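[1] pasted the sequence and its predicted model underneath.
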Amino acid sequence: KYLPLEKEHLKTSTAMADPNAHGQRNTTLAWFWSLDVQSNISGNDWMTECEPRHFCDCWNEEVILIKHEMQWTINFVKHKAKQWLVHMDNAALNEITRHACYATRQSQIYHDLAGHVADLF
C-alpha cells in the first residue's frame, strides 16, 4: 500500500504550480500525492477518538497536565529567584554594590511573582 519514501520524492516540482509549462508532460508527482485518502479514512477506526467518552478522557488528561504546568511555572519562578540570590552573593563578595542591589531587587521580583502565581493557581 505504501512505498518507501526516497529523497527524490521530497523534491519540489513546478508541475503542481504550472502543469502546462514547457517540458512538464513527462513529469510525475511523488506516489503519496496519488493516495486515495477517502478510502483510507473510511476503512480505519481512528475516528473513534471523536466519541464523547474519549473527549471526557482527553479533558481529564488536559486538567492533569495543566495542574502540572502550573506547578512547573511556580517552580521555575522560584528557581529564578534563587539564581538572583546567588548573583547577589557573588556581587557582595566582590564588593560590587550596584550589582548586589540589582540582583536583590530581581530576586525579590521573582519571589513576589512566585507568590502571586501560587495565589492565582
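    Cool, the structure landed.

[2] can you tell me the SS state at Tyr2?
    coil (DSSP: H, G, I helix; E, B strand; the rest coil).

[3] and it, how many neighbours does it have?
    7 (other C-beta atoms under 10 Å). C-beta here means a position set from N, CA and C on the backbone, and glycine is covered the same way.

[4] which residues touch it?
    Phe32 (C-beta atoms under 8 Å, 6 or more residues apart in numbering).

[5] just Leu5 next, same as before
    Phe32.

[6] and it, how far from Asp57?
    33 Å (C-beta to C-beta, to the nearest Å).

[7] in space, what's closest to Thr92 - neighbours in sequence excluded?
    That one is not Thr; residue 92 is Ala. Counting by C-beta to C-beta, 6 or more residues apart in numbering, Ala92 lies nearest to Ala100, which is 4.6 Å off, once chain neighbours are set aside.

[8] element containing the one you found?
    helix 97-120 (DSSP states H and E).

[9] quick check: closest non-adjacent residue to Thr104.
    Spatially, and ignoring its direct neighbours in sequence, Thr104 is nearest to Met88 (5.0 Å; C-beta to C-beta, 6+ apart).

[10] ugh, typo on my part, it should be Leu3
    Trp31 (5.0 Å).

[11] my read: that neighbour touches Glu8, true?
    No - at 11.2 Å, Trp31 and Glu8 do not qualify as touching, with contact defined as C-beta atoms under 8 Å.

[12] who has more neighbours out of those two?
    Neighbours were counted for Trp31 and for Glu8 using other C-beta under 10 Å; Trp31 has more, 13 against 7.
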